[in-house]
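*Asks:* Pasted the sequence and its predicted model underneath.
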Amino acid sequence: MERVFVTRNLPGPALGELRRAGYQVDVWPEFTAPPREALLERVRGAAGLITMLEDRADAELMDAAGPQLKVIAQYSVGLDNVDLEAARKRGIVVTHTPGVLTDATADLAFALLAAAARRVVEGHDYVRRGEWKTWHPELLLGPELHCATVGVVGFGRIGQAFARRARGFEMKVLYASRHPKPEAEAALDAERVELDELLARADFVSLHTPLTPETHRLMNAERLARMKEGAVLVNTARGKVVDTGALLDALEHGPLFAAGLDVTDPEPLPADHPLLRHPRVVVTPHIGSAGMRTRRRMAEMVTHDLRAVLEGRAPKHAAVLP
Ligand SMILES: NC(=O)c1ccc[n+]([C@@H]2O[C@H](COP(=O)([O-])OP(=O)(O)OC[C@H]3O[C@@H](n4cnc5c(N)ncnc54)[C@H](O)[C@@H]3O)[C@@H](O)[C@H]2O)c1
């Protein structure tokens, strides 16, 4: 019986189905990621692994598993925790969950944009504290969403889905992308511009690139300083795409008005982190894909692809196919 190690329980019936198909499914029993030593120990002898973002799937982990390891099925679209080259060299297939979480993540990015710009959390806290005694015209003012200009950095699946939502709010869409996307550009009446121009023109900037050496701290002090006065930054991509210190500085001394962050650096943020004390920063705990249907679909995708590899069929969502 082939053994599969899963680094956290998955929602829905997917793992039960894997067991019924004859696999020995070993699930890390806690909600927190296995500590490194436990992870290296538990992967030993596994033919397949189901991993998450906090699990560093590198050469050491692959070697600890052993030569029978055939597949790493990653429970996310982003693969920045997986050493794809090390997998390729060892003949290990890597799969992930593209597409299925696009709309859920774009929804959350838009929710963060609206919450940060219109000060929803600040307003909620204000009411909760019992400070709402009277209405006054200067209370919690923020920039309007409708008819604003939004800049989308990374115009792939989620970036375009976010832009579709922005169009519903009658926003003008600018995008920065390594390659032109003529079809999406026409459908969304979007304009491709260089990143610096996007930062200078957009009222709201939403990040949708993968984390790569090129996008690591893409939003550094210099780029944040190029943003429009009063702009709002939304990050649902990866925390390390933004320089946290520079972000704080841009919030405290301008030009940023607010930020909506589903991902941070570090992640998780310690409870006393200055970002959490800033009144106009809204932070969610990396829940972009946390739609009920979405997470079940992701669980199905990883288990189906894992089985496909172990049973000699082609997986549908391979990032590395040696
Ligand atoms: N917050 C969450 O829970 C959550 C959920 C899903 C995905 N994500 C993140 O979102 C990312 C995007 O997902 P996707 O499905 O849209 O991927 P995708 O591959 O469809 O789109 C990414 C786009 O970014 C572009 N890009 C790469 N480097 C760039 C650069 N330097 N400048 C401009 N554009 C660049 C790519 O060409 C591509 O078009 C993932 O890699 C992941 O890190 C986060």
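*Replies:* Perfect, I can see it now.

*Asks:* Need the pLDDT of the nearest residue to residue 229 once chain neighbours are set aside.
*Replies:* Of all residues not flanking residue 229 in the chain, residue 255 sits nearest, at 4.5 Å (CB to CB, 6 or more residues apart in numbering). From N, CA and C alone the C-beta is placed, and that goes for glycine too. In this model, residue 255 is scored at 98, pLDDT.

*Asks:* go on, residue 172?
*Replies:* So residue 172 comes in at 98 (pLDDT).

*Asks:* Next, the contact list for the closest residue in space to it that isn't next to it in sequence, please.
*Replies:* Closest residue to residue 172 apart from its sequence neighbours, by CB to CB, 6+ apart: residue 149 at 4.5 Å. Residues in contact with residue 149 (CB atoms under 8 Å, 6 or more residues apart in numbering) are 171-174, 201-204.

*Asks:* got those as TSV, with distance to the ligand and secondary structure columns?
*Replies:* Compiled in TSV, the contacts of residue 149 are given as follows (distance: CB to the nearest ligand atom, whole Å; DSSP: H, G, I helix; E, B strand; the rest coil):
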residue	distance to the ligand	secondary structure
171	19	coil
172	19	strand
173	15	strand
174	12	strand
201	16	helix
202	14	coil
203	19	coil
204	17	strand
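
*Asks:* okay if I get those as CSV plus neighbour count and distance to residue 298?
*Replies:* Formatted as CSV, the contacts of residue 149 follow (neighbours: other CB atoms under 10 Å; distance: CB to CB, whole Å):
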residue, neighbour count, distance to residue 298
171, 21, 29
172, 17, 33
173, 23, 28
174, 24, 31
201, 18, 35
202, 27, 31
203, 21, 33
204, 27, 28
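
*Asks:* So residue 130, which state does it fall into?
*Replies:* Assigned by DSSP: H, G, I helix; E, B strand; the rest coil, the conformation of residue 130 is coil.

*Asks:* can you pull the contacts of residue 46?
*Replies:* 3-5, 26, 65-66, 68-69.

*Asks:* rerun at 7 Å
*Replies:* Counting by CB atoms under 7 Å, 6 or more residues apart in numbering, residue 46 touches 3-5, 65, 69.

*Asks:* Which members of the residues you listed occur in helices, if any?
*Replies:* Members of these lying in helices (criterion: DSSP state H): residue 65.
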